[in-house]
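# the sequence and its predicted three-dimensional model are supplied below.
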Amino acid sequence: MSDSLVAYNATFQNGDTNSTSNAYVKRANDKSINVGVANVAGLVNSAQTVLTPLSLTTTATLSGLQSLVFAASAGGAYTVTLPPVAASAGISLTVIKTDSAANTVTLKGNGSELINGSNTYTGLTTQYYVIKLYCDGTAWYAGKLA
């Protein structure tokens, strides 16, 4: 599959002002979503990857660059440690349990950091459950969407 242009010359909201400058949104081969600004000749002046899905099957520590995590637990229960809150203010993270295995995927705060007032969150127990997390810079907050 080749890169797909989703939108070009789009208007993006930047604070209280609108700004257009040949902005684009593109879906790349690796399924990441890229936004950027192209010059008149179509060359990229700046670009940023905003969504790179991560698939997990075992214990991991997130770096803060992920915004979407697919978690499968057929091989057993495991723990996913969230990035430090001090470096994650304003970050949203979505975790989806993708398989029907009865094993739990546990989300854990970095060190002693909290998720909904506790160091761990064990709500990922059922296939297609979606946990949406938000960090305010002092703690993580989680809610189940499924």
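Looks like it arrived, so ask away. What you see is a predicted model; the values in this text were computed from it and never measured.

# ok, the nearest residue to residue 84 once chain neighbours are set aside to residue 88 distance?
Using C-beta to C-beta, 6 or more residues apart in numbering and skipping the chain neighbours, the partner closest in space to residue 84 is residue 110 (4.6 Å). Backbone N, C-alpha and C define where each C-beta goes, glycine included. Noted for residue 110: a distance of 9 Å to residue 88, by C-beta to C-beta, to the nearest Å.

# neighbour-wise, which of these two wins?
Ranked by neighbour count (other C-beta atoms under 10 Å), residue 110 and residue 88 place residue 88 first, with 22 against 18.

# what sits against the more buried one?
Going by C-beta atoms under 8 Å, 6 or more residues apart in numbering, residue 88 touches 64, 82, 135, 137, 140.

# ok, the second one - contacts?
Going back to what we said before, that points to residue 82. Residue 82 makes contacts with 62, 88, 93, 107-110, 113, 115, 133, 135, 140, as judged by C-beta under 8 Å, 6+ apart.
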